[in-house]
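Enquirer: missing the sequence, but the structure's below:
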């Protein structure tokens, strides 16, 4: 969800597309890895394309191994109810979850319900959420969706995809975040991190979020969709970064056909790790009890 995050405000703008990369590097000499799942016939000058079955098996193994790396994977927005999660997710477009978490306590303290926020003075809301950027457009979205919740849904957040996507500023990605984490309805959250890693791992060649969602849905059982999303996004934020992946510190290089796109030296790669993997505070001020890192500091307090 974060700039490291979501897509454009209200998910109406065009998202940045992740370009397919070329020239994959092999592991450095002496590195112990399993054979690349997508490379066969090495040493004979030939490389057979990976079969659909092999890709599915590799993808599911990635998910299993990520579950061991991130057993504490969770939504990284602070929330106490579906309304707070919905608003926080809309606010997280083009900013970090950390900045949203630092901003929403004051917002929810003043406007705890859809009825309260719908009746607010726009300028006052803008001032409260100014730190997260795009505050005028986001004020319009969160006040608009609050008015619809008040008028059409009795002040309650609906638990159906078809209802959620009708709300101002809410697209499929935001809807699946809410459904998966507030209602227990499985969904695949295709944010910029998920898009990037799905392409790097050759689960898809598409750069369209809806197509990626549909393709990935055929690879994994529905019961895995929500936690798969958390694990992939966690990995993208902490290790498999957009500009310089920490390949040398990655625990699943033996399953990655894109190994070598980033820093392969273990010591240099370790310096690229973020959040709890790098020994830094996380994004939530109120993380789950099993989170192994440090809570994020409040707004205006350095970590």
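Expert: Nice, I can see it. No experiment lies behind these values; they were computed from the predicted model shown.
Enquirer: SS state for residue 236?
Expert: For residue 236, the assignment made with DSSP: H, G, I helix; E, B strand; the rest coil gives helix.
Enquirer: these two touch, right, residue 148 and residue 167?
Expert: Yes. Because the distance of 5.5 Å satisfies C-beta atoms under 8 Å, residue 148 is recorded as touching residue 167. Every residue, glycine included, has its C-beta placed from N, CA and C.
Enquirer: show residues contacting stretch 71-85.
Expert: Contacting residues not belonging to stretch 71-85 are listed as 1-2, 66-67, 88-89, 92, 97, 100-101, 104-105, 108, 113-114, 149, 156-157, 159, 177-178, 181-183, 227, 230-231, 233-234, 282-288, 290-292 [C-beta atoms under 8 Å, 6 or more residues apart in numbering].
Enquirer: taking the residues you listed, please make a PyMOL selection of just the buried ones.
Expert: Only the buried members of those enter the following PyMOL selection, criterion being 16 or more other C-beta atoms under 10 Å:
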select buried, resi 1+2+66+88+89+92+97+100+101+104+108+113+114+149+157+177+178+181+182+227+230+231+233+234+282+283+284+285+287+291
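Enquirer: so who does the most centrally placed residue in the chain touch?
Expert: Closest residue to the average C-alpha location of the chain: residue 233 at 3.9 Å, with C-alpha atoms, centre = their mean. For residue 233, the set of contacting residues under the criterion of C-beta under 8 Å, 6+ apart consists of 1, 76, 189, 191, 193, 194.
Enquirer: ok, those vs residue 202, which is closest?
Expert: residue 194 (14.2 Å; C-beta to C-beta).
Enquirer: what's the mean pLDDT across the helix or strand in which that closest one is found?
Expert: Residue 194 is part of helix 192-200, with elements assigned from DSSP states H and E. What helix 192-200 shows for mean pLDDT is 98.
Enquirer: circling back to that earlier point, please tell me how far the residue nearest to the centre of the chain sits from residue 92.
Expert: Residue 233 sits 12 Å away from residue 92, taking C-beta to C-beta, to the nearest Å as the criterion.
Enquirer: how much space between the residue nearest to the centre of the chain and residue 290?
Expert: For residue 233, the distance to residue 290 - C-beta to C-beta - is 17 Å.
Enquirer: okay, now the unreliable bits of this protein?
Expert: Counting by pLDDT under 70, the chain contains low-confidence residues at 1-47, 303.
Enquirer: and if we set it to 90?
Expert: Low-confidence segments of the chain, defined by pLDDT under 90, are located at 1-48, 299-303.
Enquirer: residue boundaries of the helices in the stretch 201-303 of the chain?
Expert: Secondary structure of the stretch 201-303 of the chain by DSSP state H, counting those that start in this stretch: the helices cover 209-217, 225-238, 266-270.
Enquirer: which helices and strands sit right next to the first one?
Expert: Think helix 209-217. With contacts defined as 3 or more C-beta pairs under 8 Å, 6 or more residues apart in numbering; DSSP states H and E, helix 209-217 has these neighbours: helix 172-182, helix 192-200.
Enquirer: can you tell me which of those helices is nearest to residue 133?
Expert: Ranking those by their distance to residue 133 (criterion: C-beta to C-beta) puts helix 192-200 first, at 16.0 Å.
Enquirer: which of the residues in the closest one are buried?
Expert: Judged by neighbour count (16+ other C-beta under 10 Å), helix 192-200 contains these buried residues: 192, 193, 194, 195, 196, 197, 198, 199, 200.
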